[in-house]
Structures are given as C-alpha cells and as structure tokens.
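Asks: Coordinates for the following, if possible.
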Amino acid sequence: MYAVLGKPFSIAREEWAWLAPLFLMVAGIYGVSEVVAQWNGASTAALVADYMGKALRAVPLVVSLGLLYHLIRALLSGEAQPLSSMVVSLRAQLQDTSGLVSRLLPLALMPVLFAAMGMLKMQIPHIMPFYLDDLFAAADKLLFLGRQPWELTHALFGSADATLVIDRLYTLWVFGLSVAIGYFALIAPGAERARFFLNFTAIWIVLGVFGAYIGSSAGPCFLAALASPSAPEFAGLMERLTAIDAALKANDGSGLGALHWQTMLWTAHETDTIAFSMGISAMPSLHNAIAFLYVLLAFRIGRVAGLIASLFALTTFVGSIHLGWHYAVDGLVAFAGTYAVWWGVERYFSASAAAN
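Replies: Purely as a prediction, here's the structure:
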C-alpha cells in the first residue's frame with residue numbers, strides 16, 4: 001500500500017463522493033475540447049502546459065497566503081508558542097492523506113479545466129458564429145424602458161475617475177479567482193471545499209460551454225467590428241470609453257484595462273490565434289456567474305461576508321455593462337444559471353456522503 005509521510009495512503013469515502021465527479025467533469029470537458037481542437041487543427045494539450053506554467057508561478061503567492069493564514073490563527077489562539085502550534089497543525093494536515101489529496105487534486109485539475117474551456121471558447125466562431133447580439137441588445141432595451149443600460153451606468157458613474165475605479169475592480173476579478181481557488185483548496189473546511197469546486201467546475205462547463213454555444217454572442221464592445229445592426233446603440237458607449245482611455249493615458253499612462261483586453265481579444269479572433277486567456281463570448285457572463293457563486297458561499301459564512309460578496313457581485317454586474325463587455329441580460333442569465341447549478345449540487349450533496 002502506498003504511504004505518505006509514513007502513513008498508509010487512503011482517501012475517505014466522503015472525499016471520493018465529490019473528487020470523483022470533479023475529476024470526471026474535468027476529464028470529460030478536456031476530452032471534448034481536444035476533439036474539437038483537433039478538428040480545427042489545434043491542440044488543447046499545448047494550452048494545458050501554458051496554463052500549468054501560469055499556475056506554477058502563482059504557487060509561491062498561494063503558499064505564502066496559506067502560511068500567513070495559519071500563522072494568524074495560531075497567534076489569535078493565544079498559544080504560548082504560536083509558531084510551534086502552526087507547525088504541529090500543518091504537520092497534521094500533511095499526514096492526513098485523504099485531506100491532502102482533496103486539497104491538491106483540485107489545484108491540479110483547474111489548469112486543465114481552464115485550458116479546455118479556453119479552447120472551446122475560441123472555437124465558438126467556427127462552430128456557432130455569433131448570432132444573438134441583436135436579440136440581447138433588444139432585450140436590454142426592453143428591460144430598461146427604451147434605453148440601453150450603459151446609458152444609466154454612465155449617467156451615474158460616467159466620470160473618468162469613477163470609470164477607472166470600475167475598470168480596476170472588474171479586473172480584480174481575475175486576482176480574486178486565484179485567491180478563491182487557493183483558499184478553498186488549502187484553507188477552507190472540507191465541506192466548503194467540496195461545495196466550491198463542484199459548483200465552480202459545473203458553472204464553467206454548463207454556462208461557459210453549453211450556455212456560451214447556445215447563446216453565442218460577442219458583446220457590445222465588438223458590435224461595430226461585427227457590423228451589427230445594433231452597433232449604433234453602443235457607439236456612444238465606446239466613444240466615451242475611448243475618450244476616457246485617452247485622457248487617462250495622457251494623464252499618467254494608465255488607460256483602461258478593458259479597452260486593452262478588448263483590442264487583444266479581437267486581434268486574436270481575427271487572426272484565429274490560439275493562446276492563453278483568448279476567446280470571445282458574452283452570454284452568459286462568467287464574471288457575473290462566479291461573483292454570484294461567491295455570494296452564495298459567503299452567506300454560509302455569515303451575513304457580513306455575504307453582504308461584502310454581494311457588493312462585489314453588484315460592482316461586477318455594473319462593470320460588465322459600463323465597460324462594454326456584456327448586455328445586462330448576460331448577467332441576469334448568469335445569476336439564474338448559477339443558482340440552478342447551486343441547487344443541483346446541493347441535491348447531490350443531500351444524496352451522497354459529500355459535504356456533510
């Protein structure tokens with residue numbers, strides 16, 4: 001029998017109850033993405049290596065945050081020797097082979113998931129060309145009583161400073177993603193770890209693949225490039241963002257991250273470039289979906305945590321519209337889809353040994 005740190009290697013049944021479906025979901029979507037990639041003369045395996053490299057560069061930060069967390073806990077516990085207490089706690093976790101696998105396997109699977117999702121996202125224009133932008137633009141106009149929602153956000157937060165703050169907070173989502181993955185893998189209680197990774201992975205697959213293909217759309221920022229009939233309704237938005245970007249660059253050279261990424265994504269789309277973090281898809285919004293998942297998880301911790309997560313989710317929703325990335329309906333569908341996935345995962349937990 002295999003052994004880790006001198007102890008027999010085994011995985012508890014309750015860990016298998018969520019690790020097995022997690023592995024199967026990631027393996028399944030990777031297999032689909034590899035078939036689709038090969039069909040179009042590409043390879044998902046190459047992307048996995050790229051994502052793995054990026055993930056390895058984040059390891060020092062994740063480990064440092066984990067150690068800092070345990071040190072703070074040891075200090076707050078009132079132990080006479082907090083460092084020794086921390087070492088004892090960490091040694092116990094390393095000797096818990098079941099818990100160790102439940103922490104490390106999700107970390108290893110996430111780059112595979114992101115590479116598979118990235119490849120499938122980049123193949124959308126080849127398989128299901130963008131065809132619903134005008135419908136979603138019309139839906140937004142109907143919901144907002146004849147106006148596009150960006151007109152409201154820019155009436156409220158249209159200054160260069162406010163837009164820059166929104167832009168930076170929207171970009172913070174990427175950093176938050178790394179922190180959330182690290183926290184739930186290495187620090188969170190086992191039940192919440194299972195809950196996070198099953199929901200997280202299912203959301204990326206259900207909404208990020210099936211939802212993105214069914215609702216194939218590029219988003220407001222790309223309508224002019226697509227020569228969409230709805231493009232004139234968003235011309236004012238893009239003109240405002242371009243003017244703000246130019247003013248910010250003239251002031252301190254910063255500019256809006258959103259416009260930088262939108263240019264990169266469209267260039268990659270036009271040149272059919274297969275690369276890290278490329279691909280265009282508006283409906284449903286994964287930014288909003290994951291932000292809402294944080295809300296659902298945070299309210300399990302407490303009301304204050306839930307309210308903070310809700311504020312972040314609201315800011316993400318506003319930013320997705322304000323910066324031209326999404327239609328309002330992209331976020332609304334993402335919220336509904338995320339809750340449906342959450343409901344399904346909770347039903348699975350109630351019928352299995354996982355997350356109990």
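Asks: Please enumerate the helices of the stretch 101-250 of the chain.
Replies: Assigned helices in the stretch 101-250 of the chain, in chain order: 124-127, 133-143, 149-157, 160-186, 190-205, 212-214, 232-252 (criterion: DSSP state H, counting those that start in this stretch).
Asks: Dump those helices to CSV, plus mean pLDDT, distance to residue 309 and mean neighbour count.
Replies: C-beta: built from backbone N, CA, C; applies to glycine. As requested, the helices of the stretch 101-250 of the chain are exported to CSV (pLDDT from 0 to 100; distance: least, CB to CB, whole Å; neighbours: other CB atoms under 10 Å):
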stretch, mean pLDDT, distance to residue 309, mean neighbour count
helix 124-127, 92, 30, 15
helix 133-143, 98, 24, 18
helix 149-157, 97, 21, 17
helix 160-186, 91, 10, 17
helix 190-205, 96, 13, 22
helix 212-214, 97, 24, 16
helix 232-252, 94, 27, 15
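Asks: Dump those into JSON lines; add distance to residue 263 as well.
Replies: Listed next are these as JSON lines, based on distance: least, CB to CB, whole Å:
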{"stretch": "helix 124-127", "distance to residue 263": "17"}
{"stretch": "helix 133-143", "distance to residue 263": "19"}
{"stretch": "helix 149-157", "distance to residue 263": "19"}
{"stretch": "helix 160-186", "distance to residue 263": "14"}
{"stretch": "helix 190-205", "distance to residue 263": "25"}
{"stretch": "helix 212-214", "distance to residue 263": "21"}
{"stretch": "helix 232-252", "distance to residue 263": "10"}
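Asks: Which one, of those, ends up nearest to residue 272?
Replies: Ranking the helices of the stretch 101-250 of the chain by proximity to residue 272 (CB to CB) places helix 124-127 first, at 8.4 Å.
Asks: From the chain's centroid, how far away is that closest one?
Replies: 22 Å (CA atoms, centre = their mean, to the nearest Å).
Asks: what's the answer for stretch 165-184, then?
Replies: 9 Å.
Asks: could you give the angle of the strand or helix carrying residue 346 to helix 190-205?
Replies: Using DSSP states H and E, the element containing residue 346 is helix 328-351. Helix 328-351 and helix 190-205 are oriented at 140 degrees to each other (axes from the mean of the first three to the mean of the last three CA atoms, to 10 degrees).
Asks: Would you mind extracting the C-alpha trace of helix 328-351 into PDB?
Replies: The C-alpha coordinates for helix 328-351 follow below in PDB (Å, rounded to 0.1, in the frame of the first residue of the first chain):
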ATOM      1  CA  ALA A 328     -27.500  43.200 -18.800                       C
ATOM      2  CA  VAL A 329     -29.200  40.000 -19.700                       C
ATOM      3  CA  ASP A 330     -25.900  38.200 -19.800                       C
ATOM      4  CA  GLY A 331     -25.500  38.900 -16.100                       C
ATOM      5  CA  LEU A 332     -29.200  38.100 -15.300                       C
ATOM      6  CA  VAL A 333     -29.000  34.700 -17.100                       C
ATOM      7  CA  ALA A 334     -25.700  34.000 -15.300                       C
ATOM      8  CA  PHE A 335     -27.300  34.600 -11.900                       C
ATOM      9  CA  ALA A 336     -30.200  32.300 -12.700                       C
ATOM     10  CA  GLY A 337     -27.900  29.700 -14.200                       C
ATOM     11  CA  THR A 338     -25.500  29.800 -11.200                       C
ATOM     12  CA  TYR A 339     -28.400  29.300  -8.800                       C
ATOM     13  CA  ALA A 340     -29.600  26.400 -10.800                       C
ATOM     14  CA  VAL A 341     -26.200  24.800 -10.600                       C
ATOM     15  CA  TRP A 342     -26.000  25.500  -6.900                       C
ATOM     16  CA  TRP A 343     -29.400  23.900  -6.400                       C
ATOM     17  CA  GLY A 344     -28.300  20.800  -8.300                       C
ATOM     18  CA  VAL A 345     -25.100  20.500  -6.300                       C
ATOM     19  CA  GLU A 346     -27.000  20.800  -3.000                       C
ATOM     20  CA  ARG A 347     -29.300  18.000  -4.200                       C
ATOM     21  CA  TYR A 348     -26.300  15.900  -5.000                       C
ATOM     22  CA  PHE A 349     -24.800  16.500  -1.500                       C
ATOM     23  CA  SER A 350     -28.100  15.500   0.200                       C
ATOM     24  CA  ALA A 351     -28.000  12.200  -1.700                       C
END
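Asks: Okay, buried residues for that helix please.
Replies: 328-335, 337-338, 341-342, 345, 348-349 (16 or more other CB atoms under 10 Å).
Asks: ok, which pair from those residues is furthest apart?
Replies: By the measure CB to CB, 328 and 349 form the most distant pair in the buried residues of helix 328-351, at 31.9 Å.
Asks: Enumerate every residue touching residue 285.
Replies: Contacts for residue 285 (CB atoms under 8 Å, 6 or more residues apart in numbering) come out as 320, 325, 326, 330, 331, 333, 334.
Asks: Specify which member of the buried residues of helix 328-351 is nearest to residue 172.
Replies: residue 331 (16.9 Å).
Asks: you'd agree the closest one is up against residue 318?
Replies: No: checked against CB atoms under 8 Å, the pair residue 331 and residue 318 is beyond contact range at 9.3 Å.
Asks: and residue 68, how many neighbours does it have?
Replies: For residue 68, the count of nearby residues is 10 (other CB atoms under 10 Å).
Asks: Give me the distance between the residue sitting nearest the centre point of the chain and residue 338.
Replies: Nearest to the mean C-alpha position of the chain, counting by CA atoms, centre = their mean, stands residue 290 at 5.2 Å. Going from residue 290 to residue 338 by CB to CB, to the nearest Å gives 8 Å.
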